[in-house]
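Novice: could you work out the structure for the sequence below:
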Amino acid sequence: MIQTAIVGGGVAGAYCAYRLAENGLHPVIFDPSHPREKPCGGLVSPLALKLFPFLKRLPIDHSERDRLYVISPSGKKECVRFRKSKMLGFSRLELDQYLVKMAIDRGTKLIKERVTSIERKNHLWNVKTQKQTYLAKTLIGADGVNSIVREKIIGPLDAKNKGLCFGYLVRGLEREEITLRLSPYRNGYIWVIPRSKNTSLGIGCSEIKFSYGLKKELDVFIQDNFPQVEIISKWAALVPNVKSSKIFRAPLAGINWILIGDAAGHVSPISGEGILYALLDGELAAQAVAEKKPQIFDRLWKESYGWSFFLDIILGNWVYKKSIREFYCKGLKLESLIQLIMF
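Specialist: Sure, this is the predicted structure:
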C-alpha cells in the first residue's frame, strides 16, 4: 500500500515529494522519463528566488541576468532592470534532476513506469502502469497539461485553455541578454533565454487555433537576428493558458487527491511562468497531505497566490489585445508592467 502516490516527477511533483519526505512521509513518484530536458526557458524569476532561496544555492550551472529586454510588435525595445535581484536560467534537465535527487535522498521512491490509468476503489486509488497495478491512499496529479489524473477526476483542460509553444535549444547565444519579443501576428511572444551551456529560443501562442505559422515566425526571427546560431534540438509542446478564472470553480483537491502545477493549470497566462507556481503548489500540497486534509489545498493556493494568478488572467487578456500592444509601440514604458508580473 502506497500512502501518497505522485504522478509526475517534474518541478511540482519532485518538490512536493521532497517536502513530504522532510515531514517523515515517504511518497512514491511515478514517472518514466524525468528528469529530462523540457521545452521551456528554464527561467527563474526574482519572486521565485525570494520565496525559494534554496534555488540560489543549487550546485547547478546557470546563467544570471539583472535585466531583460522587451521588444514591441513594431520593434520598439525597452530594458527592464532588476535592482535588488537577478533572474536565473537553468537547464530543465539539470534542475529537475537535482530536485528529484533531493526527494530521493530524503526517502522518496521513484518508479520509472508510465501511469496508464487510475481508478477509485473503496476510497483508495488503483494506479495502473504498463507493468502492474499499485494501491494508494492519496493521489497527487503532477503530470502536466494533459494530466491523466485531472482527466479522470475533474476532466481535462479544454483546447481554448491551452497554448502551444515551439522552439529550439541552441548554442552560441549564451552571452546574450534575456529578450522577449511580443508577436505582431498572434497573442504570444518569442523568447531568448540564455543558460550556462545552451540557450532556449522559442515562441509561444496563447491559443492553439491561432498557432498557424508559429515555426515560420520564429525561423524568420532567428534568420534576421542570429543567422549563425547552432541548433541542437527542436521541440513543440502544449502548455496551460487559462483564459478565465471560471476554470477554477472546479475543485483542484478532494479528500484524497490533489492537482498541482501544469495539471492544475497553474501557469501565468501573461508571462508563461510555471516554475514558481510548481514550487508553490508542491509546498502547499505537501502541507495539506501532512495535515491529513488534502482538500484544504484549494484554500491554501488561493490564499497564498490566488489573487496574483487571477490578476495575471486579467492582464493577459488586456496586454495581448492588439490595440494595447500598439499603444506600447508609441512609447509607453513597459517597466512598471514587467515589475508587477515578475515580482
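
Novice: quick one: buried residues of stretch 224-241?
Specialist: Phe226, Val229, Ala237, Leu238, Val239, Pro240, Asn241 (16 or more other C-beta atoms under 10 Å). Using the backbone N, CA and C atoms, a C-beta is placed for each residue, glycine as well.

Novice: CSV please, covering the residues you listed and showing secondary structure and distance to Val80.
Specialist: Converted to CSV, these look like this (DSSP: H, G, I helix; E, B strand; the rest coil; distance: C-beta to C-beta, whole Å):
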residue, secondary structure, distance to Val80
Phe226, coil, 21
Val229, coil, 24
Ala237, strand, 26
Leu238, strand, 28
Val239, strand, 23
Pro240, strand, 25
Asn241, coil, 22
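
Novice: please enumerate the helices of this protein.
Specialist: 11-22, 46-51, 92-105, 148-153, 214-225, 275-290, 297-301, 307-319, 322-329, 335-342 (DSSP state H).

Novice: now tabulate the ones you listed in TSV and tack on distance to Leu173 and mean pLDDT.
Specialist: Below are the helices of the chain laid out as TSV (distance: least, C-beta to C-beta, whole Å; pLDDT from 0 to 100):
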stretch	distance to Leu173	mean pLDDT
helix 11-22	24	97
helix 46-51	22	93
helix 92-105	17	94
helix 148-153	36	96
helix 214-225	10	95
helix 275-290	21	97
helix 297-301	36	97
helix 307-319	26	78
helix 322-329	25	45
helix 335-342	21	46
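
Novice: which stretch among those comes nearest Tyr185?
Specialist: helix 214-225 (6.2 Å; C-beta to C-beta).

Novice: in the closest one, which residues are buried?
Specialist: Here helix 214-225 shows Leu214, Glu217, Leu218, Phe221, Ile222 as buried, counting by 16+ other C-beta under 10 Å.

Novice: if we ignore the residues flanking it in sequence, what's nearest the residue nearest the centre of the chain?
Specialist: Nearest to the mean C-alpha position of the chain, by C-alpha atoms, centre = their mean, lies Gly274 at 2.5 Å. Counting by C-beta to C-beta, 6 or more residues apart in numbering, the nearest residue to Gly274 once its immediate chain neighbours are dropped is Val267, at 4.2 Å.
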